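Enquirer: could you look at this predicted model? Sequence included:
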Amino acid sequence: DQQVKQNSPSLSVQEGRISILNCDYTNSMFDYFLWYKKYPAEGPTFLISISSIKDKNEDGRFTVFLNKSAKHLSLHIVPSQPGDSAVYFCAAHDFQKLVFGTGTRLLVSP
Amino acid sequence: GAGVSQSPRYKVAKRGQDVALRCDPISGHVSLFWYQQALGQGPEFLTYFQNEAQLDKSGLPSDRFFAERPEGSVSTLKIQRTQQEDSAVYLCASSADRVRTYEQYFGPGTRLTVT
């Protein structure tokens, strides 16, 4: 059973608009949540994280929201840029390891 | 500074061959992780080292998979008698902390294709 789920395999957005990527989880013991960005033939690159005791974290154009009661987190990118086109993975910290979702492919068109 | 490096970047093996994948973590990072990423999936945990000690190997799919980090820096993931289902990208990650291991830095991965 998947503990971290990204139900949207892909998302298309126009440049300048908001991109919203969603993630659901089942294990309430996760203490940290992260978003990673991945380009083809490269390893995942850390983007932004949030502690389970917070509900929002912001870093420039990127904001992550955490709703613990719904076991849901989202990544907002405003404004979206063509260079943001990549696969985005949601991950949860489980003791030492990270548990990943299956990823959402974001395409930002000019 | 230098990031996590992995070699080889690509490996083609015939079914039944043994392979060895190398990971050079960021210098000074005490924690090292191996993940397996199948096509269209997210990375899945294989094993974890703190310095030279392998503290968690619960993700290794079979006893054909073996990992070591003898001097607490470079790590090798070995797969014996490779099978087609072993085809995947193998990612290595390192973390500076022993406890706050959510800050993981990934290498580019080794793409293994078993024919």
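Expert: Perfect, I can see it now.
Enquirer: what about residue 12, how many residues nearby?
Expert: Since no chain was named, I'll use chain A. 11 (other Cβ atoms under 10 Å in any protein chain shown). Any C-beta I mention is one placed from the backbone N, CA and C, and that applies to glycine too.
Enquirer: I was after chain B.
Expert: Count around residue B:12 with other Cβ under 10 Å applied: 13.
Enquirer: any part of the helix or strand encompassing it near chain A?
Expert: In the assignment (DSSP states H and E), residue B:12 maps to strand B:10-13. No - if you take Cβ under 8 Å from any Cβ of the partner chain as the test, strand B:10-13 misses chain A, and the best it gets is 9.5 Å.
Enquirer: now do the contacts for the most centrally placed residue in chain B.
Expert: Residue closest to the average C-alpha location in chain B (Cα atoms, centre = their mean): residue B:34, at 3.3 Å. Contacts for residue B:34 (Cβ atoms under 8 Å, 6 or more residues apart in numbering or on different chains) come out as B:23, B:45-48, B:67, B:75, B:77, B:90-93.
Enquirer: now, which of these sits nearest residue B:84?
Expert: Nearest to residue B:84 out of the contacts of residue B:34 is residue B:90 (Cβ to Cβ; 15.2 Å).
Enquirer: wait, residue A:10 touches residue A:103, no?
Expert: No - with contact defined as Cβ atoms under 8 Å, residue A:10 does not count as touching residue A:103 (9.5 Å).
Enquirer: who's more crowded, the two?
Expert: Just comparing residue A:10 and residue A:103: by other Cβ under 10 Å the higher neighbour count belongs to residue A:103, 24 against 10.
Enquirer: surely that one is in contact with residue A:6?
Expert: Yes - Residue A:103 is within contact range of residue A:6, at 6.1 Å (criterion: Cβ under 8 Å).
Enquirer: residues making contact with stretch B:106-115?
Expert: Taking Cβ under 8 Å, 6+ apart as the rule, stretch B:106-115 contacts A:36, A:41-45, B:3-15, B:19, B:21, B:23-24, B:37, B:79, B:82-93.
Enquirer: now, those that are in helices?
Expert: Using DSSP state H, no member of these sits in helices.
Enquirer: so which of the residues you listed sit within strands?
Expert: A:36, A:45, B:5-7, B:10-13, B:19, B:21, B:23-24, B:37, B:79, B:88-93 (DSSP state E).
Enquirer: give me the buried subset of the residues you listed.
Expert: Buried members of the ones in strands among the contacts of stretch B:106-115, counted by 16 or more other Cβ atoms under 10 Å in any protein chain shown: A:36, B:6, B:11, B:13, B:19, B:21, B:23-24, B:37, B:79, B:88-93.
Enquirer: what sits against residue B:50?
Expert: B:30-31, B:98.
Enquirer: show me the two of the buried ones among the ones in strands among the contacts of stretch B:106-115 that sit farthest apart.
Expert: The widest separation within those (Cβ to Cβ) is 27.9 Å, between A:36 and B:13.
Enquirer: okay, now the sheet partners of the strand holding residue B:12, with direction.
Expert: strand B:110-114 (parallel) (DSSP bridges).
Enquirer: from residue A:64, how far off is residue A:91?
Expert: 12 Å (Cβ to Cβ, to the nearest Å).
Enquirer: now list whatever residues contact both of the two.
Expert: What both residue A:91 and residue A:64 touch, as defined by Cβ under 8 Å, 6+ apart, is the set A:33, A:35.
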